[in-house]
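Everything below, folded, please.
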Amino acid sequence: MRISVIIPVLNEEKSIGSTIAALNALHPHEIIVVDGGSSDRTRRISVEAGAKVLTTGPGRARQMNRGALDATGDVLLFLHADTRLPASALRDIESALSDPRYLGGRFDVELDSDRWLLKVVGFMISLRSRISKVATGDQALFVRREIFAELDGFPDMPLMEDIAFCRRLKRLGDVACLRTRVTTSARRWEVEGVWRTIFRMWTLKLLYLAGVSPARLKRFYADTR
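Okay, here's the model as predicted:
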């Protein structure tokens, strides 16, 4: 099973090199970095680390869809630049997708912090998505290539593209909820404050589910790097 890893980036020079190095150790079929207009050394670092680098307009959904167009693997794995996969990640994906019922899936998640409250946050994110079968992008979403094409990729929206995609995916078939955990950056929680971030995230999701446009919601969601 050939697994293509697609990483959307924007000014990620602090983390992209180590992310690609960690991926190289897992030997995926290919690593595709899609840059949305970085003004730092992100593209150069990515090339030097051995990734294929594409450029497109900004917007995570647009970038991931662009990477998927060039990908040649059987499975598409979408990874954030500040997220690390467990050593068993590719084997776990292959094992899950050996069952034809599963169209795709996601990992449990933990935040790279020793703070007990952030450990609880990671646990609750994983539990919520296990129950709902809807995950966020920092849980390393993966999907069979032909299913991604059938769904026409991620909806081209400035926010909540991961939620929208997962909701469509689970309507189409079963989603694998892997118990192995990816580790993602706690930078947003550390910079903005844990309770404030929890409140903002839940408010944005509830407003989205209530029908508020992602374009409007994006104004209240600042990128933290």
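
which other helices and strands contact the helix or strand harbouring Met64?
Using DSSP states H and E, Met64 maps to helix 60-70. In terms of contacts (3 or more C-beta pairs under 8 Å, 6 or more residues apart in numbering; DSSP states H and E), helix 60-70 is packed against strand 3-9, strand 30-35, strand 52-55, helix 161-172. (Each C-beta comes from the backbone N, C-alpha and C, glycine too.)

let's go with 7 Å and repeat that
Packing contacts for helix 60-70, counted by 3 or more C-beta pairs under 7 Å, 6 or more residues apart in numbering; DSSP states H and E, involve strand 3-9, strand 30-35, strand 52-55.

Can you give me the buried ones in stretch 11-27?
Residues of stretch 11-27 classed as buried by neighbour count (16 or more other C-beta atoms under 10 Å): 11-17, 19-20, 23, 26.

now stretch 44-51
So, applying 16+ other C-beta under 10 Å, buried residues of stretch 44-51: 45-46, 49, 51.

Kindly provide the distance from the residue nearest the centre of the chain to Cys166.
In the chain, the centroid-proximal residue (C-alpha atoms, centre = their mean) is Gly137; its distance is 2.9 Å. Relative to Cys166, Gly137 is positioned 10 Å away (C-beta to C-beta, to the nearest Å).

Redo the buried residues of stretch 44-51 as JSON lines? Include distance to Val34.
Below are these laid out as JSON lines (distance: C-beta to C-beta, whole Å):
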{"residue": "Ile45", "distance to Val34": "14"}
{"residue": "Ser46", "distance to Val34": "10"}
{"residue": "Ala49", "distance to Val34": "15"}
{"residue": "Ala51", "distance to Val34": "10"}
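
which stretches of the protein form helices?
Ranges of helices within the chain are 16-24, 42-48, 60-70, 89-97, 116-132, 145-150, 161-172, 187-192, 194-209, 214-218, based on DSSP state H.

hmm, who's touching the fourth one?
By C-beta atoms under 7 Å, 6 or more residues apart in numbering, the list of residues contacting helix 89-97 from outside reads 1, 3, 26, 28, 75, 77, 102, 105, 142, 144, 176, 178, 180.

one more time with 6 Å
With C-beta atoms under 6 Å, 6 or more residues apart in numbering as the test, helix 89-97 has contacts from 1, 3, 26, 102, 105, 142, 176, 178, 180.

since we're on Arg181, how many residues are nearby?
Arg181: 19 surrounding residues under other C-beta atoms under 10 Å.

before we move on, what about Pro58?
Neighbours of Pro58 under the rule other C-beta under 10 Å: 13.

how close does it get to Asn11?
Distance of Pro58 to Asn11, given as C-beta to C-beta: 10 Å.

Could you list the low-confidence segments of the chain?
Along the chain, the model assigns pLDDT under 70 to residues 214, 217, 219-225.

can you do 80?
187-192, 198, 200-202, 205-225 (pLDDT under 80).
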